[in-house]
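Engineer: mind folding the following:
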Amino acid sequence: VSATSGPKVAAELIELQFSLWQPNSDVLVCSGVEGALADGDQMQLLTNILNAVGSGLHRLPQMELVEWPPYPNAEGDESEVREFLATLLQARLSAKPVKHILLFGEAAADWLLSPQQRSEQPSFGHLSLTEEITALLVPSLSSMIDQPQLKATAWQQLKSISFAPAAA
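Structural biologist: Numbers count the residues shown, from 1 in each chain. Next up, the predicted model:
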């Protein structure tokens with residue numbers, strides 16, 4: 001449908017959920033919710049991954065859930081959803097600056113990175129968001145459980161940096 005002819009077509013309904021954890025002051029973990037919140041196996045895998053890179057967790061911190069639409073009957077096209085998520089993430093990073101953002105899965109990268117940032121990033125790898133913040137895209141938790149060989153892909157991305165918090 002062209003913009004100049006016919007009735008306005010309703011925008012496709014966009015529904016998204018992301019889980020956020022901040023295991024220490026240097027790291028923010030973002031994972032797309034794929035149908036259901038992370039199950040016990042996924043939570044254990046995330047804990048193991050974070051411990052393998054030096055977080056020293058006994059258990060994950062409380063998860064925060066980010067959703068679109070943010071309230072019932074909220075509407076927005078793709079650009080409005082992206083603006084909402086970018087604003088929310090920027091506010092979060094302003095309040096609690098981090099050095100690394102771990103993006104688990106393509107959905108997290110597709111929605112939480114700008115299209116320009118996304119075009120600069122390989123399918124899995126590192127991306128400098130600012131001079132202070134690096135994003136790392138790794139396979140989703142569910143895909144690593146379903147395809148254990150993807151854990152090696154994740155490890156290749158994560159092993160180059162340490163997430164151990166600085167000594168106080």
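
Engineer: in the sheet, who's paired with residue 24?
Structural biologist: Counting by DSSP bridges, residue 24 is bridged to residue 27.

Engineer: how much space between it and residue 100?
Structural biologist: Distance of residue 24 to residue 100, given as Cβ to Cβ, to the nearest Å: 10 Å. Heads up, the C-betas are built off the backbone N, CA and C, glycines and all.

Engineer: for residue 66, same thing?
Structural biologist: Distance from residue 66 to residue 100, by Cβ to Cβ: 18 Å.

Engineer: repeat that for residue 145.
Structural biologist: 23 Å.

Engineer: more crowded one of the two?
Structural biologist: More neighbours surround residue 100 than the other of residue 145 and residue 100, with 21 against 16 (other Cβ atoms under 10 Å).

Engineer: what's the helix or strand for the spatially most central residue of the chain?
Structural biologist: Among the residues of the chain, the one closest to the centroid is residue 30, at 2.9 Å (Cα atoms, centre = their mean). For residue 30, the host element (DSSP states H and E) is strand 27-32.

Engineer: now residue 101
Structural biologist: Element membership of residue 101 [criterion: DSSP H and E] is strand 100-104.

Engineer: show the average pLDDT along that strand.
Structural biologist: The pLDDT scores in strand 100-104 average 92.

Engineer: which elements pack onto that strand?
Structural biologist: strand 27-32, helix 106-112, strand 134-138 (3 or more Cβ pairs under 8 Å, 6 or more residues apart in numbering; DSSP states H and E).

Engineer: residue ranges with poor pLDDT in this protein?
Structural biologist: Residue ranges of the chain with pLDDT under 70: 1-12, 121-124, 161-168.

Engineer: ranges for the helices of it?
Structural biologist: Using DSSP state H, the helices of the chain run over 40-52, 78-95, 106-112, 115-120, 141-146, 150-158.
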